[in-house]
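J.: Model the following, please.
(2 chains)
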Amino acid sequence: MNDQIRKDRVTRFIETLNQARELGLTATEASDGRLTLCMPYDDRIIGNPDTGVIHGGAITTLMDTASGSVILCALEDFELCPTLDLRVDYMRPAEPKKPVYARAETYKVTRNIIFTRCEAFQEGGETIANCVGTFMRIGKEATPKHYRDLIAGGGE
Amino acid sequence: MTDPEVLRYTRETGDFSRMLESIPYARFIGLACDQFGDDLIFRLPQKEQNLGNPILPAIHGGVIGGFMEMSAAIYLMMSQDTVRMPRIVDFSLDYLRAGLNRETYAECRLTRQGNRVANVMITAWQKSRSQPIATARAHFLMED
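T.: Sure, this is the predicted structure:
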């Protein structure tokens, strides 16, 4: 599997997640066990109307999506892996009017569990948040074949 | 996060609509809050845009997190005697069951209130309070 295939799979996957579409998330970079997603600035996700700073919840969703989707970049075949837990540390508020990126990696893949790390940041800026997550492997057979085929795409 | 005037109004009337209307992200996910005596129950009505997994279908885990996070911040604001704005420091979330495409509820408990930092526990459920879909713990820095 090459990086273009990884990125295409992630793109098709996040296209099926309503909330990710609603937030306008896109995959910007993918490689073996690594993925970067971008979330554009949007007035609708502001948490503090006085400052225009977006709410932590949107960043949590960005990081959860990046951490869940990076799994597609680590496994040969698509498996839907439910999140067991997420721990998010907020370093600083995101600067308004600028997109936020999330760079995720799978740092350990076992038979049952996948461990992920993710960092949210802005262009030229410092880290906004860090996140570690664990995901459960329930096997690819747990996901309907039509959905697996959709993510794998016809062209591969 | 919110205007002191709106906070006072919310405290006096128990009507959260003005406060929630003033926070775009609360509107974005559809967060609502009801007061029963001193207790607050937060609600996340069913909403197609909040879904993640299309197979089940299930609410996006991030939205469940955002819902619980904002519930905790509002709960904390309401529990203070003065106008102090909570700023989230960290958030630890355990997913226990899939959040299905239906209304979700959350309640919060102040575990410890220090001078500057508060620790809040949050529980979210759908069908029954005894079967939570997620539990979370958050630290907030309280700013005057």
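J.: since we're on A:T127, how many residues are nearby?
T.: A count of neighbours around A:T127, defined by other CB atoms under 10 Å in any protein chain shown, yields 14. In short, each C-beta sits where N, CA and C put it, glycine included.
J.: Repeat that for B:S79.
T.: Around B:S79 sit 16 other residues, with neighbours defined as other CB under 10 Å.
J.: which residues touch the residue nearest to it when sequence neighbours are not counted?
T.: Residue nearest to B:S79 in three dimensions, not counting chain neighbours: B:L110, with 5.9 Å by CB to CB, 6 or more residues apart in numbering or on different chains. If you count contacts by CB atoms under 8 Å, 6 or more residues apart in numbering or on different chains, B:L110 has them with B:Y75, B:L76, B:S79, B:A118, B:N119, B:V120.
J.: Would you convert these into JSON lines that also reports secondary structure and distance to B:E21?
T.: Compiled in JSON lines, the contacts of B:L110 are given as follows (DSSP: H, G, I helix; E, B strand; the rest coil; distance: CB to CB, whole Å):
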{"residue": "B:Y75", "secondary structure": "helix", "distance to B:E21": "18"}
{"residue": "B:L76", "secondary structure": "helix", "distance to B:E21": "20"}
{"residue": "B:S79", "secondary structure": "helix", "distance to B:E21": "21"}
{"residue": "B:A118", "secondary structure": "strand", "distance to B:E21": "25"}
{"residue": "B:N119", "secondary structure": "strand", "distance to B:E21": "29"}
{"residue": "B:V120", "secondary structure": "strand", "distance to B:E21": "23"}
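J.: A strand includes A:K7, no?
T.: No - with DSSP: H, G, I helix; E, B strand; the rest coil as the criterion, A:K7 is helix rather than part of a strand.
J.: Return the residues in contact with it.
T.: Shown in contact with A:K7 (CB under 8 Å, 6+ apart): A:A27, A:E29, A:A30.
J.: Arrange those in CSV, one row each, with neighbour count and distance to B:I55 as further columns.
T.: Converted to CSV, the contacts of A:K7 look like this (neighbours: other CB atoms under 10 Å in any protein chain shown; distance: CB to CB, whole Å):
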residue, neighbour count, distance to B:I55
A:A27, 23, 20
A:E29, 16, 27
A:A30, 25, 23
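J.: What is the nearest of those residues to chain B?
T.: Among the contacts of A:K7, A:A27 lies closest to chain B (CB to the nearest CB), at 16.0 Å.
J.: Give me the contact list for the helix or strand where the closest one lies.
T.: Per DSSP states H and E, A:A27 falls inside strand A:26-31. Contact with strand A:26-31 is made by A:3, A:6-7, A:10-11, A:14, A:35-38, A:69, A:73, A:101, as judged by CB under 8 Å, 6+ apart.
J.: Kindly export it (C-alpha atoms) in PDB.
T.: What follows is strand A:26-31, C-alpha atoms only, in PDB (Å, rounded to 0.1, in the frame of the first residue of the first chain):
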ATOM      1  CA  THR A  26      -9.500  16.900   5.000                       C
ATOM      2  CA  ALA A  27      -6.500  14.600   4.800                       C
ATOM      3  CA  THR A  28      -3.400  16.500   4.000                       C
ATOM      4  CA  GLU A  29      -0.700  13.900   4.400                       C
ATOM      5  CA  ALA A  30      -0.500  10.100   4.900                       C
ATOM      6  CA  SER A  31       2.200   7.600   5.300                       C
END
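J.: No further questions, thank you.
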